[in-house]
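Chemist: Based on what follows, work out the 3D shape:
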Amino acid sequence: MKTKEEILDELVSERSSCDSFPEFIKCATIGAIENLVNDAMDSYALEVAKVSLKNAADNAKITGDWDNEAHDVVHSVDKKSILSETNIPKL
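Modeler: Presented below is the predicted three-dimensional model:
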């Protein structure tokens, strides 16, 4: 998972000639800094969501029971295994 700092530095290098976020702050306008930080927060939230969803999928407890009427296996997922806080990466 990318760190907040990595995301900020990537966005800075895409949008300016600066090499890092601290350097960008010295030469950018308040509006440009605000836009960059907002975009970085969105990107970081997506990174956290991706890792959380992957962890939830990996940790999901799935069971299957035979349904005589449907003549098929009916699967169910334990909600607690998906909604567990342990699926969210340490920030």
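Chemist: who touches the residue lying closest to F21 once chain neighbours are set aside in this structure?
Modeler: Spatially, and ignoring its direct neighbours in sequence, F21 is nearest to L8 (4.2 Å; Cβ to Cβ, 6 or more residues apart in numbering). For the C-beta atoms, the positions are set from N, CA and C on the backbone; glycine is no exception. Residues counted as contacts of L8 (Cβ atoms under 8 Å, 6 or more residues apart in numbering) are F21, L36, V37, A40.
Chemist: Could you single out the nearest of those residues to L91?
Modeler: Distance to L91, by Cβ to Cβ, is smallest for A40 among the contacts of L8, at 14.0 Å.
Chemist: Isn't the closest one up against I7?
Modeler: Yes: the pair A40 / I7 is scored as a contact, 4.9 Å apart, by Cβ atoms under 8 Å.
Chemist: quick one, helices of this structure?
Modeler: In the chain, the helices defined using DSSP state H lie at 4-15, 21-27, 30-59, 79-83.
Chemist: Out of the ones you listed, indicate the one that is most buried.
Modeler: helix 4-15 (a mean of 16; mean count of other Cβ atoms under 10 Å).
Chemist: Tabulate the CA atom coordinates of that helix in PDB.
Modeler: Listed next in PDB are the C-alpha coordinates belonging to helix 4-15 (Å, rounded to 0.1, in the frame of the first residue of the first chain):
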ATOM      1  CA  LYS A   4       0.400   9.300   2.100                       C
ATOM      2  CA  GLU A   5       3.800  10.800   1.500                       C
ATOM      3  CA  GLU A   6       4.400   8.600  -1.600                       C
ATOM      4  CA  ILE A   7       1.000   9.700  -3.000                       C
ATOM      5  CA  LEU A   8       1.700  13.400  -2.300                       C
ATOM      6  CA  ASP A   9       5.100  13.100  -4.000                       C
ATOM      7  CA  GLU A  10       3.700  11.300  -7.000                       C
ATOM      8  CA  LEU A  11       1.000  14.000  -7.500                       C
ATOM      9  CA  VAL A  12       3.600  16.700  -7.100                       C
ATOM     10  CA  SER A  13       5.900  15.200  -9.800                       C
ATOM     11  CA  GLU A  14       2.900  14.900 -12.100                       C
ATOM     12  CA  ARG A  15       1.700  18.400 -11.700                       C
END
